[in-house]
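Chemist: below are the sequence and a predicted model; questions follow.
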Amino acid sequence: MVEIGHFALVLALAVGLVQSVLPIYGARTGDERLMGMAAPAAVTVFALVTISFVALIQAYVTSDFSVLNVVENSHSAKPLIYKISGTWGNHEGSMLLWVFILSLFGALVALFGGNLPSSLRATVIAVQGWIGTAFFLFILFTSNPFIRVASPPVEGQDLNPILQDIGLAIHPPLLYLGYVGFSVSFAFAVAALIDGRVDAAWARWVRPWTLAAWIFLTAGIAMGSYWAYYELGWGGFWFWDPVENASFMPWLAGTALLHSAIVMEKRSALKIWTILLSIITFSFSLLGTFLVRSGVLTSVHAFATDPSRGVFILMILMVFIGGSLALFAWRAGTLTAGGLFQPISREGALVLNNLFLTTAAATVLIGTLYPLLLESVTGEKISVGAPFFNLTFGPLMLPLLLAVPFGPLLAWKRGDLFAAGQRLVAAFAVALAAVAVVLLFVDRTALLAALGAGLAFWLLAGSLTDLALKAGIGKVSAPVMLRRLRGLPGSAFGTAIAHFGLGVTLLGIVSVTAFQTENILTMAKGDTLPVAGYTLRFDETVPVQGPNYTADEARFSLVNAAGKKIAGISSAKRMYTARRMPTTEAGIHTFIFSQLYVSLGDPASNGGMVVRIWYKPLVTLIWIGGLVMMFGGIVSLADRRLRIGAPARSAKGTEAAATGGRA
Amino acid sequence: MAMTRKQKRLAVIFGGLAFLGIATGLVLVALNQKIVFFVTPSDLTSMHAEAGQRMRLGGIVKDGSVVRGDGTRVRFAVTDTIKDVPVTYDGILPDLFREGQGVVTEGLFNRDGVFVADTVLAKHDENYMPKEVVESLKEKGVWQEGQATN
């Protein structure tokens, strides 16, 4: 099976070469037969990579220790779910997952792109083929997961215990679906540049793909954040770690792309910018892959490092980013500029959004790369952490968040800021009320936190205002409003829901940052600590035997004011036998939106345990907001007009599509 | 009242430039003030660290130096085998903190020359030695190949 997987991967490379060359040659020469090879080639590559991926998973599931990759990252006593997820819990396997998802997107474009003009489809699929081929070569030459060992050991070295968690089964696939999903808009952008033709219909094809990638990336980042929060035992949700930044930059650029694609689709404006943004977004994805996979960074994500890999990925990076930007510089002039608009208009608001998001992405980029650059130039070693990003990213986000509720209320082409402001009076009142509530009832001195909560409620109320106004609040009766709401396009709901989610996340961040309480103390059996109106009691420590670890589990009881036990919390120190590596499992109790977080330290000299206890008010809102944003994306994606088959009719008559008429 | 197209374009360009100027200014100020330098114990003799300046101190936890005080206070020494620096830390040490292992601490010096750390990082792998530590030990010529590394 392993050899079949290896062989399938080599075949995928061969077919990938065909996919890269023939269709685009056909598109340039007008040969329909060569163009027609694009789709079957893409589907074949997907089938071959699937075989390869399944073969590797099978080697993990059956603990085939004749495969080096399995020896280094698995153990026969590991639970089945971690055997499967362990397939991509290492460098080689995760690169295979990367190309698996890339080929999946290639096949999806092939299957759902039936209504694209055949030359555009052929070119898009060929560009996807280029990316695929580059990464097949990378895997086969520097990171082959199918290498056998001459004398197989009886037992494997096990997976890094930090990764032995359900998070590994979910986080990387979601993240990669996002990262790699942006390759589709990239391929569309490059194809448009090669064709020298781009119109509103182009934007209508690109937007669903971008939206889908964005949904997955949002989910992946939120999931990764929660995973780090509960697994690492530091109780933080975001560390501005270079690896987190690597996924955050494509998210910022992708969010900007989503918004500029709206302008392009609806108003046929910002064409050149949207193309550039598609290139930038995927370039950030590639850069992220480079940062994480090349070993220039040290983190839990940077597995064993090998300089040849770094050089190889750097070459891929330079060819694709440099090549596409050069193509852009060469060809962008041939694209015609689109519709005009006043600065105060929906378009203007979306341009402002793009300006802020891309600049914010640039500051994150500088903060991430500056330490690497400085070290290679002067040899000085520095770290850039939260203080840097608070000073640069923070001030950029503030005006953007203030402006969010205005955007959807402005008319296309020429808007009225004053009228939009009048319609937001209610939302503003809600925001002020939130500020007052925090100052009066929570903490008189917490002015910043109060303003932050006000901003969050401004976003929440602003997005509801948007929907209420679209339903005609104050003008029509309730049943008519309901009917109008039902008739609203999915994308209008999507916008409001996603902006609401942003408010939810912000509220969580503000609340945790300002009002979390932390206690570090030594507790002996029977000791208690008052926390958040309850009493936490340390009951006992029990030894526990897991499948591939031993643990000391500390058990706590949460007791309410009446002296009744309402919950048990247990936190453990585990020792994984194969790697002799300890981990800490945090104990978390959730009260709807808030959490009590208990993490164990070392035994103290007086026989007790060092315990770290946080009360984190409204912490779960941070991730719930991410889910809400994601849901907004899904609702928008389900919009009838955006359904992948929708542009079919207008696509046939290219001129009709060019005027931006609705399909 | 209405601007010509050319004026409008100029206004947009200047607006954009002003915006980028502000963003650049923020980044420069932040790079000037908010970055933290990484030092090893023997860098400190040549640098003369000021009390109150934030930095990252990296090296190896000196054998036999870890003293757990009452409660959550811990004292230990960080060494690069040439010089030692005393460190205090109040909190929970990471799982992989051990004598003889690499460590990165972040904090500041107090007046008595003791490094008061508020963050202690010992990363995620049993063989893991922070990269900065490995490299600076190599520079000092006290690194033996084959020592645990990642």
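Modeler: The structure has been received and is ready for your questions. No experiment lies behind these values; they were computed from the predicted model shown.
Chemist: drop to CA atoms for contacts and neighbour counts, all remaining ones
Modeler: Fine.
Chemist: which bits of chain A sit near chain B?
Modeler: A:160, A:162, A:298-300, A:304-305, A:359, A:363, A:380-385, A:387-388, A:391-392, A:396, A:520-522, A:579-584, A:600-602, A:604-606, A:610-612 (Cα under 8 Å from any Cα of the partner chain).
Chemist: can you select the buried ones from these in PyMOL?
Modeler: Here is the PyMOL selection string for the buried members of the residues of chain A next to chain B, based on 16 or more other Cα atoms under 10 Å in any protein chain shown:
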select buried, chain A and resi 160+162+298+299+305+359+363+381+382+383+384+385+387+388+391+392+396+520+521+522+579+581+582+583+584+600+601+602+604+610+611+612
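Chemist: in strands, which of the residues of chain A next to chain B appear?
Modeler: A:382-384, A:520-522, A:581-584, A:600-602, A:610-612 (DSSP state E).
Chemist: in stretch A:482-491, what's buried?
Modeler: A:485, A:489-491.
Chemist: an error on my part: the question was meant for stretch A:362-380.
Modeler: Result for stretch A:362-380 [16+ other Cα under 10 Å]: buried residues A:362-365, A:367-368, A:370-372.
Chemist: do stretch A:322-341 as well
Modeler: Buried-residue list, stretch A:322-341, by 16+ other Cα under 10 Å: A:324-325, A:328, A:331-332, A:335, A:341.
Chemist: tell me which stretches of chain B form strands.
Modeler: So, for chain B - with DSSP E - the strands run B:35-39, B:55-61, B:67-68, B:73-79, B:84-90, B:102-109, B:115-121.
Chemist: hmm, back to that, list just the nearest of the ones in strands among the residues of chain A next to chain B to chain B.
Modeler: A:I382 (4.2 Å; Cα to the nearest Cα).
Chemist: show me what that closest one bridges to in the sheet.
Modeler: B:F37 (DSSP bridges).
Chemist: burial measure for whatever residue of chain B ends up closest to chain A, as a count.
Modeler: Residue of chain B nearest chain A, by Cα to the nearest Cα: B:F37 (4.2 Å). Using other Cα atoms under 10 Å in any protein chain shown, B:F37 is surrounded by 17 other residues.
Chemist: quick check: bridge partners of the residue positioned nearest the centre of chain B?
Modeler: Compute the mean C-alpha point of chain B, and by Cα atoms, centre = their mean the closest residue is B:R56, 2.7 Å away. B:R56 has the following beta-bridge partners by DSSP bridges: B:F38, B:E106.
Chemist: could you verify my assumption that it touches B:V104?
Modeler: Yes - taking contacts as Cα atoms under 8 Å, B:R56 lies within contact range of B:V104: 6.6 Å.
Chemist: any common contacting residues for these two?
Modeler: The overlap between the contact sets of B:R56 and B:V104 (Cα atoms under 8 Å, 6 or more residues apart in numbering or on different chains) is empty.
Chemist: still on that earlier bit, which single one of the buried residues of stretch A:482-491 is nearest to A:L270?
Modeler: A:S491 (19.6 Å; Cα to Cα).
Chemist: and that closest one, how close does it get to A:A456?
Modeler: 22 Å (Cα to Cα, to the nearest Å).
Chemist: ok, now A:V71?
Modeler: In terms of Cα to Cα, A:V71 sits 49 Å off from A:A456.
Chemist: could you do A:L488 as well?
Modeler: 25 Å.
Chemist: same thing with A:L104?
Modeler: Taken as Cα to Cα, the span from A:L104 to A:A456 is 38 Å.
Chemist: which one of these two has more residues nearby?
Modeler: A:A456 (27 against 22).
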